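> pasting the sequence and the predicted model now:
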Amino acid sequence: MKIAMIGTGYVGLVSGVCFSDFGHEVVCVDKNPDKIAQLQAGQVPIFEPGLEELMAKNVASGRLSFTLDLAEAVGGAEAVFIAVGTPTRRGDGHADLTYVMAAAAEIGAALTGYAVIVTKSTVPVGTNRKVAEVVAAASKVAFDVASNPEFLREGAAIDDFMRPDRVVVGLETQKARKVMSDIYRPLFLREFPVVFTGLESAEMIKYAANAFLATKITFINEIAALCERVGADIKDVSKGMGLDGRIGNKFLHAGPGYGGSCFPKDTKALARIGQEHAVPMQITETVIKVNEEIKRRMLDKIVDLCDGGVNGKTIAVLGVTFKPNTDDMRDAPSLTIIPALVGFGAKVRVADPQGRREGEALLPGIKWTDNAYQAAQGADVLVVLTEWNEFRALDLERIARKMATPRMADLRNIYSREEAAEAGFETYVGVGR
């Protein structure tokens with residue numbers, strides 16, 4: 001089957017590569033000539049474990065290609081996926097659908113025969129019907145629309161695509177269902193759940209799932225704050241909660257708040273959808289507010305470790321991406337915490353395996369180092385902000401010896417107070433402990 005993938009951002013590129021590995025002929029389209037040239041040269045513009053190798057394999061097979069020419073890609077395609085950005089719109093918190101609608105208009109003009117127009121981007125309820133209107137206004141051929149939201153975790157996206165918890169497909173005709181079933185045939189054969197719904201239900205599933213997970217993270221972070229006051233240990237509390245089958249143990253790890261490409265913008269968009277339909281999403285609105293407060297609470301921990309003031313202090317920060325195994329900086333807690341430290345007069349040194357490419361522009365006024373040991377040299381406080389594997393097994397004694405004052409703010413709870421003390425740290429602060 002020929003598939004056109006419009007957009008080579010995180011979702012579009014991962015999806016296009018994986019569909020080609022299913023055996024489909026996939027043409028990925030982007031308007032950015034530098035990105036297309038990079039992809040045609042075999043270079044991946046994002047960091048995602050395993051993606052470069054899988055892309056090279058399918059390019060070599062002839063099933064995967066990249067182009068600036070949308071009409072060429074769409075012509076003869078049986079499915080056209082829209083995987084462009086839907087960032088938060090300035091001023092009102094709604095998802096910005098500018099790129100989605102522009103893609104829909106171009107697709108409509110380029111269609112040469114029946115195809116299913118599939119929205120992969122995260123979009124508000126009702127968007128696919130608007131996409132259908134835009135395509136119909138520009139097209140003279142028959143088509144169907146479908147909603148196929150993505151549920152990819154950055155750092156584990158290929159595995160999520162190939163072995164998903166579920167695939168959600170919203171559509172309205174049997175013809176479209178046949179096309180989508182053929183696309184996902186390898187998953188049907190391995191009996192992964194594929195859920196067919198109406199358009200609106202599929203759109204809502206994406207927002208509801210992300211808002212629930214963001215709520216779970218925020219809830220455990222609030223419980224962590226209470227644990228600190230009453231003498232409980234959030235790791236024990238999380239374990240005790242997570243063993244309850246009704247709750248589960250995922251997303252119950254206390255830390256500096258959620259970030260990334262999905263949770264911040266999707267919670268804001270869901271809150272806005274609720275407001276527009278006079279059904280306030282009060283829990284989601286509170287989650288957004290509390291998540292910002294959690295980031296500020298983490299900043300307070302660092303300042304307290306510096307005896308109430310960081311002016312002139314050297315702070316070593318380990319990790320700036322919103323999570324490990326990605327170079328994504330979108331809404332990362334580091335973007336709140338580090339600028340505040342710099343603003344308070346701190347000298348900030350940073351180590352991150354993949355964060356520098358984006359971080360240099362987003363975090364001015366800091367010094368980048370190659371590893372944790374360089375960052376710790378002469379530092380007054382060590383801050384663990386992202387739990388990269390290489391930070392999980394540090395030689396803490398070596399780190400402590402390098403520091404001016406060996407103090408640690410472990411905002412991911414990857415060490416214990418006992419480990420830190422044994423290594424020579426005079427002060428250790430975790431989250432919820």
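Arrived safely. Numbering: from 1, shown residues only.
> so what's the nearest residue to residue 72 once chain neighbours are set aside up against?
When the adjacent residues along the chain are set aside, residue 72 lies closest to residue 27, with 7.5 Å between them (CB to CB, 6 or more residues apart in numbering). C-beta here means a position set from N, CA and C on the backbone, and glycine is covered the same way. Applying CB atoms under 8 Å, 6 or more residues apart in numbering to residue 27 gives the contacts 2, 3, 4, 5, 65, 66, 67, 72, 73, 77.
> pull out the buried residues from those.
2, 3, 4, 5, 65, 66, 67, 73, 77 (16 or more other CB atoms under 10 Å).
> what is the nearest of those residues to residue 429?
Comparing the buried ones among the contacts of residue 27 against residue 429 with CB to CB picks out residue 5 as the nearest, at 45.6 Å.
> what residues of the helix or strand that residue 213 is a member of count as buried?
Per DSSP states H and E, residue 213 falls inside helix 199-230. Residues of helix 199-230 classed as buried: 199, 202-207, 209-211, 213-225, 227-228 (neighbour count, 16+ other CB under 10 Å).
> next: stretch 366-384.
366, 368, 369, 372, 375, 376, 379, 380, 381, 382, 383, 384.
> in helices, which of those fall?
Using DSSP state H, the members of the buried residues of stretch 366-384 that fall in helices are 372, 375, 376.
> pLDDT score for the last one?
When you say that, I think you mean residue 376. Note for residue 376: predicted pLDDT of 97.
> domains of the protein?
2-197, 207-289, 292-429 (automatic domain parsing).
> where along the stretch 201-350 of the chain do the strands fall?
For the stretch 201-350 of the chain, applying DSSP state E, counting those that start in this stretch gives strands covering 314-318, 347-351.
> please identify the most buried of these.
strand 314-318 (a mean of 27; mean count of other CB atoms under 10 Å).
> Provide the strand pairings for it, with the direction of each partner.
Sheet pairing here is set by DSSP bridges, and for strand 314-318 it gives strand 347-351 (parallel), strand 381-384 (parallel).
> could you redo those as TSV and give each row mean pLDDT and distance to residue 111?
Compiled in TSV, these are given as follows (pLDDT from 0 to 100; distance: least, CB to CB, whole Å):
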stretch	mean pLDDT	distance to residue 111
strand 347-351	98	48
strand 381-384	98	51
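> can you tell which of the ones you listed is closest to residue 245?
strand 381-384 (31.2 Å).
> and the strand or helix carrying residue 18, average pLDDT?
Assigned by DSSP H and E, residue 18 falls within helix 10-21. Helix 10-21 shows a mean pLDDT of 97.
> just checking, what packs against it?
The helices and strands touching helix 10-21, judged by 3 or more CB pairs under 8 Å, 6 or more residues apart in numbering; DSSP states H and E, are strand 2-6, strand 25-29, helix 51-61, strand 64-67, strand 79-82, helix 157-162.
> and for residue 169, the neighbour number?
Residue 169 is flanked by 22 other residues according to other CB atoms under 10 Å.
> now residue 277
10.
> okay, now residue 239: neighbour count?
For residue 239, using other CB under 10 Å, the count is 12.
> I'd say it and residue 249 touch.
Yes: using CB atoms under 8 Å, residue 239 makes contact with residue 249 at a distance of 7.3 Å.
> distance between the ends of stretch 12-28?
8 Å (CA to CA, to the nearest Å).
> same check on stretch 323-339?
First residue to last in stretch 323-339 (CA to CA) measures 18 Å.
> give me the phi and psi angles of residue 44.
For residue 44, the backbone dihedrals are phi -100, psi 120 (criterion: degrees, to the nearest 10).
> for the nearest residue to residue 201 once chain neighbours are set aside, report the pLDDT, please.
Counting by CB to CB, 6+ apart, residue 201 lies nearest to residue 170, which is 6.0 Å off, once chain neighbours are set aside. Looking at residue 170, its pLDDT is 98.
> what's across from residue 170 in the sheet?
residue 147, residue 197.
> neighbours of it, just the number please.
Burial of residue 170 is recorded as 26 neighbouring residues (other CB under 10 Å).
> pretty sure it sits against residue 148.
Yes: counting by CB under 8 Å, residue 170 does reach residue 148; the two are 7.5 Å apart.
> what touches both of the two?
The contact sets of residue 170 and residue 148 overlap at residue 202 (CB under 8 Å, 6+ apart).
> got the CA positions of stretch 386-397 in CSV?
C-alpha atoms of stretch 386-397 as CSV (Å, rounded to 0.1, in the frame of the first residue of the first chain):
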residue,chain,number,x,y,z
THR,A,386,16.7,14.1,34.4
GLU,A,387,17.3,10.4,35.2
TRP,A,388,19.5,9.4,32.3
ASN,A,389,21.0,5.9,32.8
GLU,A,390,24.6,7.4,32.9
PHE,A,391,23.5,9.4,36.0
ARG,A,392,22.2,6.4,37.8
ALA,A,393,25.5,4.8,38.6
LEU,A,394,27.9,7.7,39.2
ASP,A,395,30.9,7.4,41.4
LEU,A,396,29.4,9.5,44.1
GLU,A,397,32.6,9.6,46.1
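> buried residues of it, list them for me.
Neighbour counts over stretch 386-397 (16+ other CB under 10 Å) mark 386, 387, 388, 391, 394, 396 as buried.
> pLDDT score assigned to the most far-flung residue of the chain relative to its centre?
What lies farthest from the middle of the chain is residue 140; by CA atoms, centre = their mean that is 37.4 Å. pLDDT, residue 140: 90.
> in which helix or strand does the closest residue to residue 66 other than its chain neighbours reside?
Counting by CB to CB, 6+ apart, residue 66 lies nearest to residue 39, which is 4.3 Å off, once chain neighbours are set aside. Element membership for residue 39, per DSSP H and E: helix 33-40.
> next, the buried residues of that helix.
For helix 33-40, by 16+ other CB under 10 Å, it's 35, 36, 38, 39.
> quick one: contacts for the third one?
Taking CB under 8 Å, 6+ apart, we find residue 38 in contact with 44, 45.
> okay, now residue 415: neighbour count?
Neighbour tally, residue 415, other CB under 10 Å: 20.
> isn't residue 125 right up against residue 198?
No: the criterion here is CB under 8 Å, and residue 125 misses it with residue 198 at 10.6 Å.
> so the two - more neighbours on which side?
Remark: of residue 125 and residue 198, residue 125 carries more neighbours, 20 against 13, as counted by other CB under 10 Å.
> how about low-confidence regions in the stretch 301-433 of the chain?
Nowhere does the stretch 301-433 of the chain drop to pLDDT under 70.
> residue 41 - how many residues pack around it?
Neighbours of residue 41 (other CB under 10 Å): 8.
> ok, back up a step: could I get the contacts of residue 27 as TSV with pLDDT?
Formatted as TSV, the contacts of residue 27 follow (pLDDT from 0 to 100):
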residue	pLDDT
2	97
3	98
4	98
5	98
65	98
66	98
67	98
72	95
73	97
77	97
